[in-house]
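> Sharing a model prediction with you, sequence too.
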Amino acid sequence: MLTSTFRPGASLLHRSGAGAKLLGLLVFSTVLVAFQSPLAVLAGFALVAGLYGLGGFGPRTLVAQVWPLRWFVLCLLPFQWWTAGWQVAVAVVGTLVVAVAGAALVTLATRVTDLLDVIARVLEPARAVGVDPERVALLLALTIRAVPVIAGTLHEARDARRARGLERSTRALVTPIVVRTIRHADRVGEALAARGIDD
Amino acid sequence: MIQPSSGGRASRRMSSRDLALVASFAALIAVLGLPGSITVFGSAAPITLQSMGVMLAGSILGWKRGALSVVVLLVLVAAGLPLLAGGRGGLAVFFGPTAGYLIGFVLGAAVIGWLVQQRLPAYPLWWGGLANVVGGIGVVYLVGIPVLAAATSTSLWLAATGSLVFLPGDALKVVIATAVASAVHRGYPGITAPTAAVKSDRAGEQASAR
């Protein structure tokens, strides 16, 4: 049920380090926003499209990544064009679309675990202020495990609500889910304590 | 209950139950945003309840664990898991125009939790509701709208009026989240400690009462 946005592959993009890709994205989007001009959008788009090709992703995949922005583009493009001219319209909307496409590419070509490893590495200096990277990793893993469990309680609660004839009551649905969420946490907490996590 | 013994370090470190609660509520926020999972008013208005999950996390877990559960969710989203409303995920959402609302979720949960902890162990409905309005709507919009305006190069006014569409749904979520949080605080007293100052006052009161 938890399928990540990662798409396996063997391209250069897939093989390069997660940290490098994140850094590249940061630099790319900063430059894009700093210039915010039609020319920068064009250059940025060419670069991103080229990298999609390098990663073995087709134009369809690229379009799918920016598809959630369609309403923004449809409203914003005519509005900016009308109020500020076509250069501004293309710069603003283009920057948004190209930055989102670039960010999506990083998660397309990088495993979830590799990105989480980067977080653990970045958090290493935070040990000094009491942050324990291993506990952070444990927290993330516990959450990934909890999602299907809580989703399961949602289905149970929905059935129970129907049986009680309260289909339209959101409260009759959410209260049992929250109670079961806490119970799940209690069980997991006890299991962790039994394994010496608190020592 | 065994109290954490060694002062500063233990108080900063979270217990295993805290870890489990944070993880479970992060998952709860994700599940409440599952596509088509829950609709308010039968199926007339398909609003996801993700932002209600944020309200619940703050109201039930307090400011620290509540905000942390939202952070955990966002970290997993950034790493590529499709846990946001409508199955969205990946780094792209943090580069889109609505990224500010996600940051607003973190601050909103913290503000809700902080306000609720001012009154705990009591959870008066009006106070809980006010906390959800201030944190879950006020703070979320306060961060989300300027970011939306900046990302789309539109005026604050325009971005704000565009966000009004979500206000009725959010108001409804406040009502439900407050009712559910009230039931939880009654059923699980002590799930969240009051703020430090209030706690020591209350502890003094209890001691003198005894």
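The structure has been received and is ready for your questions.

> Quick check: longest helix in chain A by residues?
For chain A, the longest helix by residue count, based on DSSP state H, is helix A:133-163.

> try chain B
Max-length helix for chain B by DSSP H is helix B:50-78.

> So it, near chain A or not?
Yes. Using Cβ under 8 Å from any Cβ of the partner chain, a contact is recorded between helix B:50-78 and chain A, made by B:M52, B:L56, B:I60, B:V72, B:L73, B:V75, B:L76, B:A78. C-beta here means a position set from N, CA and C on the backbone, and glycine is covered the same way.

> do stretch B:181-191 as well
Yes. Applying Cβ under 8 Å from any Cβ, one finds stretch B:181-191 touching chain A at B:A183, B:V184, B:G187, B:Y188, B:I191.

> Let me know the secondary structure of A:G189.
Recorded secondary structure, A:G189: helix (DSSP: H, G, I helix; E, B strand; the rest coil).

> My read is that it contacts B:S15, right?
Yes. Counting by Cβ atoms under 8 Å, B:S15 is a contact partner of A:G189 at 7.4 Å.

> Tell me which of these two has more neighbours.
Comparing A:G189 with B:S15 by other Cβ atoms under 10 Å in any protein chain shown, the one with more neighbours is A:G189, at 22 against 16.

> Any figure for the gap between that one and A:A141?
15 Å (Cβ to Cβ, to the nearest Å).

> Check A:P8 too.
Distance of A:P8 to A:A141, given as Cβ to Cβ: 21 Å.

> Show me which of those two is the more surrounded one.
For A:P8 versus A:A141, the count of surrounding residues by other Cβ under 10 Å is larger for A:A141: 13 against 8.

> ok so, going back, tell me the two of the residues of helix B:50-78 next to chain A that are most distant?
Greatest spatial distance among those (Cβ to Cβ): B:I60 and B:A78, at 24.5 Å.

> So between the two, which is more surrounded?
Shown here are B:I60 and B:A78; by other Cβ under 10 Å, B:I60 has more neighbours (28 against 23).

> Please give me every residue in contact with that one.
A:V178, A:I182, B:F25, B:G66, B:A181, B:V184, B:H185, B:I191, B:T192 (Cβ atoms under 8 Å, 6 or more residues apart in numbering or on different chains).

> what do you get if the cut-off is 7 Å, keeping everything else the same?
B:A181, B:V184, B:I191, B:T192 (Cβ atoms under 7 Å, 6 or more residues apart in numbering or on different chains).

> and these, which of them are in helices?
Residues of the contacts of B:I60 located in helices (DSSP H): B:A181, B:V184.

> want to throw the contacts of B:I60 into TSV with neighbour count and pLDDT?
Below are the contacts of B:I60 laid out as TSV (neighbours: other Cβ atoms under 10 Å in any protein chain shown; pLDDT from 0 to 100):
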residue	neighbour count	pLDDT
B:A181	26	95
B:V184	21	92
B:I191	18	85
B:T192	25	85
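
> with the contacts of B:I60 in mind, which one is nearest to chain A?
B:V184 (5.9 Å; Cβ to the nearest Cβ).

> Isn't B:A179 up against A:S169?
No. Between B:A179 and A:S169 there is no contact, the gap being 10.6 Å when judged by Cβ atoms under 7 Å.

> C-alpha coordinates for the helix or strand in which A:F79 is found, PDB please?
If you go by DSSP states H and E, A:F79 is part of helix A:70-84. Taking C-alpha atoms only, helix A:70-84 is exported to PDB below (Å, rounded to 0.1, in the frame of the first residue of the first chain):
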ATOM      1  CA  ARG A  70      -2.600  22.200 -13.800                       C
ATOM      2  CA  TRP A  71      -5.100  24.400 -12.000                       C
ATOM      3  CA  PHE A  72      -2.500  26.900 -10.900                       C
ATOM      4  CA  VAL A  73      -1.100  27.100 -14.400                       C
ATOM      5  CA  LEU A  74      -4.600  27.500 -15.900                       C
ATOM      6  CA  CYS A  75      -5.500  30.300 -13.500                       C
ATOM      7  CA  LEU A  76      -2.100  32.000 -13.100                       C
ATOM      8  CA  LEU A  77      -0.900  32.200 -16.700                       C
ATOM      9  CA  PRO A  78      -3.800  34.300 -18.100                       C
ATOM     10  CA  PHE A  79      -3.900  36.400 -15.000                       C
ATOM     11  CA  GLN A  80      -0.200  37.300 -15.000                       C
ATOM     12  CA  TRP A  81      -0.300  37.800 -18.700                       C
ATOM     13  CA  TRP A  82      -3.100  40.200 -18.400                       C
ATOM     14  CA  THR A  83      -1.800  42.100 -15.400                       C
ATOM     15  CA  ALA A  84       2.000  42.000 -15.900                       C
END
